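K.L.:
Prediction below, plus the sequence it came from.
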Amino acid sequence: MADLKALSDSIIKGDQKTAVDITKAALDEGMAPETILADGLIAGMNIIGTRFKANEVYIPEVLISARAMKMAMEILEPKLAEAGVEPVGTAMIGTVQGDLHDIGKNLVVMMLKGAGFKVTDIGVDVASDIFVEKAKECGAQVIGLSALLTTTMPAMEKAIQAIKDAGLSTKTMIGGAPVTQAYADKIGADGYAADAASAVDLAKSLLN
Ligand code: B1M
């Protein structure tokens, strides 16, 4: 019987080979893909998220775990699609216009995927109208906007206004080193998250 605790531990350790081997073995044994996802992969990423938030692990460890999760997900994803497993929610995320920083955004993407969200990553330097267009295309329930420069923070306000003007009821969340809760309140974002693990908690709470 495939050991889901060992799978979760392999994600925590960032051990890609073991993560892939156990995922394959569990599928071969006929285990439900959603069980492998929830009790193995997501369970491991949740622990990493909690440790990251508590400053017990740092960005490199999170990236290594996320990579192991990604490798295992490549095997699991087609089976989840066949089984018709619904994602926790649908999120879309981009770095705002004028801003090319994407390391933090990519971490948020990985953590959201790790938590079971279907995520559309629309990249960097994203103009307001593209946020609207892509959100319509992917049916995002939550739109994430990232900015690392004080000079690009106003582009967040512009994009959020464009999302509202387009009549989308999608929730918006913002983050990035210079961003604060006060700024989120000022520009009418639905939420602010200080780090990638908090972004997952926030996205979940915005869906409820
Ligand atoms: Co740039 N850069 N940079 N840079 N860069 C900063 C941000 C800066 C603080 C450095 C400094 O001067 N001390 C400064 C900004 C100053 C300011 O505006 N206050 C700066 C500058 C000025 C610039 C340029 C203008 C430099 C120049 O060309 N003169 C230029 C701008 C280019 C542009 O964007 N148009 C520039 C360029 C670059 C590089 C291309 C060289 C590179 C980016 C590479 C890349 O991203 N692919 C780069 C880097 C690496 C940095 C620093 C060193 C590191 C940023 C980073 O990746 N941090 C940065 C200085 C620093 O922060 N120490 C700096 C790690 C990352 C995991 O953290 O992105 O904060 P962070 O993400 C966190 C949270 O903020 C949060 O979760 C993440 C994980 O916990 N988070 C979210 C982020 N997005 C979120 C979204 C959410 C929720 C949470 O919901 C949607």
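P.N.:
Alright, I've got the coordinates. Numbers count the residues shown, from 1 in each chain.

K.L.:
C-alpha from now on. contacts and neighbour counts both.
P.N.:
Noted.

K.L.:
Which residues does K171 form beta bridges with?
P.N.:
Here K171 sits in beta bridges with V142, going by DSSP bridges.

K.L.:
That one: what's it in contact with?
P.N.:
141-143, 189-190, 206-207 (C-alpha atoms under 8 Å, 6 or more residues apart in numbering).

K.L.:
Please tell me how far it sits from K158.
P.N.:
Using C-alpha to C-alpha, to the nearest Å, we find K171 at a distance of 15 Å from K158.

K.L.:
Check S65 too.
P.N.:
From S65 to K158 the distance is 35 Å (C-alpha to C-alpha).

K.L.:
now K186
P.N.:
From K186 to K158 the distance is 12 Å (C-alpha to C-alpha).

K.L.:
In terms of packing, which of the two has more residues around it?
P.N.:
Using other C-alpha atoms under 10 Å as the criterion, K186 and K158 rank with K158 on top: 17 against 10.

K.L.:
unless I'm mixing things up, that one is touching D129, no?
P.N.:
No - in this structure, K158 is not within contact of D129 by C-alpha atoms under 8 Å, at 9.5 Å.

K.L.:
And the helices in this structure?
P.N.:
Using DSSP state H, the helices found in the chain span residues 4-13, 16-28, 33-36, 43-53, 59-83, 103-114, 128-138, 153-165, 181-187, 196-207.

K.L.:
In TSV: those, plus mean pLDDT.
P.N.:
Supplementary listing: the helices of the chain in TSV, determined by pLDDT from 0 to 100:
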stretch	mean pLDDT
helix 4-13	97
helix 16-28	97
helix 33-36	89
helix 43-53	89
helix 59-83	88
helix 103-114	85
helix 128-138	98
helix 153-165	98
helix 181-187	98
helix 196-207	93
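
K.L.:
I'd like those as JSON lines, with distance to the ligand appended.
P.N.:
Formatted as JSON lines, those follow (distance: least, C-alpha to the nearest ligand atom, whole Å):
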{"stretch": "helix 4-13", "distance to the ligand": "17"}
{"stretch": "helix 16-28", "distance to the ligand": "21"}
{"stretch": "helix 33-36", "distance to the ligand": "26"}
{"stretch": "helix 43-53", "distance to the ligand": "8"}
{"stretch": "helix 59-83", "distance to the ligand": "6"}
{"stretch": "helix 103-114", "distance to the ligand": "3"}
{"stretch": "helix 128-138", "distance to the ligand": "12"}
{"stretch": "helix 153-165", "distance to the ligand": "9"}
{"stretch": "helix 181-187", "distance to the ligand": "11"}
{"stretch": "helix 196-207", "distance to the ligand": "4"}
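
K.L.:
and this protein, what are its domains?
P.N.:
Domain ranges of the chain: 4-82, 89-207, per automatic domain parsing.

K.L.:
how far does the last one sit from the chain's center?
P.N.:
This means domain 89-207. 11 Å (C-alpha atoms, centre = their mean, to the nearest Å).
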